[in-house]
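Engineer: Turn this into a model:
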Amino acid sequence: MKADRLMALIALLDDPDKAVYEMVEKEFLAEDPGIIGQLEKIWETSYDELQQSRIENLIQQIQFRETSRKIKTWSSQSHVDLFEGFFLISQYQYPELKLKDIKSKIRKIRSDVWLEISNKLTSIEKITVLNHIFYDVNKFSINLSNLQSPQNCYLNQILETKKGNPVSIAILYTLIARELDFPVHLIDFPRNPLLAYVDAELARKAHGPDYHSSVLFYINPSNRGAIIGRKEIEFFLKRNEQVSEDIFENHCEDRVIIKKLLENLISAYDSLGYQDKVDDLTSIVSLL
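Structural biologist: Numbering: from 1, shown residues only. Modelled structure (predicted):
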């Protein structure tokens with residue numbers, strides 16, 4: 001937007017007439033995200049509270065629109081990227097979040113694991129090393145003291161505080177495992193996701209009911225990466241007849257687990273009474 005046009009619209013932002021503001025709002029919302037930088041500079045030099053408040057609102061609306069657009073584009077792909085989905089949700093709350101900063105932190109964890117493993121190790125031994133670096137060295141855990149906190153759902157916050165909820169910790173664990181080329185798939189287990197560690201060659205050949213035959217073992221990221229055998233799964237199913245065995249027969253799509261993370265986030269904001277956040281995120285879920 002040209003400087004003279006921008007300043008003319010900014011001058012109207014403190015007009016008490018709601019109709020005038022709505023006209024100005026419409027003009028700004030028609031602009032691309034590049035307008036945010038200009039609005040932020042004006043906000044910094046403004047001493048008018050109404051003007052500052054309206055600029056903040058415009059910036060939030062533009063950022064939300066851009067995040068929604070990116071998530072819609074992400075979801076429309078035939079094969080979605082789990083990291084990108086997680087990152088985009090985090091950008092909803094932290095628009096200035098830098099992709100390279102987050103990736104470097106994940107790759108640092110991946111590198112620490114990689115240095116401790118070799119091709120001589122069995123699959124279980126490799127997971128044991130990952131568990132040590134993830135839980136013992138980096139201290140990642142479920143935030144039991146504040147499980148409903150929205151911060152448990154944002155990737156940057158999880159990497160900083162080392163705390164998350166069962167869904168977000170499972171996603172982060174999966175991202176690192178995949179960085180190491182471990183053949184793991186998410187399983188939408190009740191209450192908290194599990195991971196299936198598969199025999200890669202058998203998994204390529206297996207279909208439908210035969211899928212479980214390629215699973216070597218299951219991993220519970222919510223319980224410090226505890227390894228679970230098929231017999232334990234069958235025991236759980238016998239005691240919980242309402243849980244369908246189907247969830248173990250096919251791995252969970254990445255967009256499904258991202259949707260589950262969003263639902264956790266909506267629940268967290270709803271418990272805090274942040275209806276505007278609930279409405280925003282509900283509209284994003286509808287895009288998936």
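
Engineer: Longest helix in the protein, please.
Structural biologist: For the chain, the longest helix by residue count, based on DSSP state H, is helix 49-75.

Engineer: what's that helix packed up against?
Structural biologist: Judged by 3 or more CB pairs under 8 Å, 6 or more residues apart in numbering; DSSP states H and E, the packing partners of helix 49-75 are helix 18-29, helix 35-45, helix 82-93, helix 275-285. In this view, the C-beta of every residue, glycine as well, is placed from N, C-alpha and C.

Engineer: So which of those helices is the most surrounded?
Structural biologist: helix 82-93 (a mean of 21; mean count of other CB atoms under 10 Å).

Engineer: and the helix or strand that comes right after that one, what does it pack onto?
Structural biologist: Counting by DSSP states H and E, the next helix or strand C-terminal to helix 82-93 is helix 99-114. Packing partners of helix 99-114 (3+ CB pairs under 8 Å, 6+ apart): helix 82-93, helix 155-161, helix 166-179.

Engineer: Between helix 99-114 and the helix or strand following helix 99-114, find me the angle.
Structural biologist: Next in sequence after helix 99-114, counting helices and strands by DSSP H and E, comes helix 123-131. In this structure, helix 123-131 runs at an angle of 130 degrees to helix 99-114, with axes from the mean of the first three to the mean of the last three CA atoms, to 10 degrees as the basis.

Engineer: The helix or strand following helix 123-131 - which strands sit beside it in the sheet, and in what orientation?
Structural biologist: Using DSSP H and E, the helix or strand that follows helix 123-131 towards the C-terminus is strand 141-142. For strand 141-142, sheet partners with direction are given as strand 163-164 (parallel), following DSSP bridges.

Engineer: Output the below-cut-off pLDDT ranges for the chain.
Structural biologist: Regions of the chain meeting the criterion pLDDT under 70 cover residues 1, 200-213, 237, 240-250.

Engineer: how's it carved up into domains?
Structural biologist: 3-75, 82-285 (automatic domain parsing).

Engineer: winner for burial among these?
Structural biologist: Neighbour counts averaged per stretch over the domains of the chain are highest for domain 82-285, at a mean of 17; criterion: mean count of other CB under 10 Å.

Engineer: contacting residues around the spatially most central residue of the chain?
Structural biologist: Nearest residue to the geometric centre of the chain (CA atoms, centre = their mean): F86, 2.6 Å. Remark: with contacts taken as CB atoms under 8 Å, 6 or more residues apart in numbering, F86 is in contact with L155, S168, I171, L172, L175, I258, L261.

Engineer: Quick one: distance of stretch 46-58 to the chain centre.
Structural biologist: With CA atoms, centre = their mean, to the nearest Å as the basis, stretch 46-58 stands 30 Å off its chain's centre.

Engineer: likewise stretch 170-188?
Structural biologist: The chain centroid and the centroid of stretch 170-188 are separated by 14 Å, computed with CA atoms, centre = their mean.

Engineer: Convert that stretch to CSV, retaining C-alpha atoms only.
Structural biologist: Listed in CSV are the C-alpha atoms of stretch 170-188, where the atom choice follows Å, rounded to 0.1, in the frame of the first residue of the first chain:
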residue,chain,number,x,y,z
ALA,A,170,3.7,-38.1,20.6
ILE,A,171,4.0,-35.9,17.5
LEU,A,172,7.3,-34.5,18.6
TYR,A,173,8.7,-38.0,19.4
THR,A,174,7.4,-39.1,15.9
LEU,A,175,9.2,-36.2,14.2
ILE,A,176,12.5,-37.1,15.7
ALA,A,177,12.1,-40.8,15.0
ARG,A,178,11.3,-40.0,11.4
GLU,A,179,14.4,-37.7,11.2
LEU,A,180,16.3,-40.9,12.1
ASP,A,181,14.5,-42.9,9.4
PHE,A,182,12.9,-45.2,12.0
PRO,A,183,9.9,-46.9,10.4
VAL,A,184,7.2,-45.6,12.9
HIS,A,185,3.5,-44.9,12.4
LEU,A,186,1.1,-43.1,14.7
ILE,A,187,-1.8,-45.1,16.1
ASP,A,188,-4.8,-43.1,17.4
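
Engineer: can you tell which of the helices and strands packed on helix 49-75 is closest to H185?
Structural biologist: helix 82-93 (11.0 Å; CB to CB).

Engineer: quick check: angle from the closest one to helix 49-75?
Structural biologist: Here helix 82-93 runs at an angle of 170 degrees relative to helix 49-75 (the same axes, to 10 degrees).

Engineer: Between helix 275-285 and helix 82-93, find me the angle.
Structural biologist: Computed by the same axes, to 10 degrees, the angle separating helix 82-93 from helix 275-285 equals 150 degrees.
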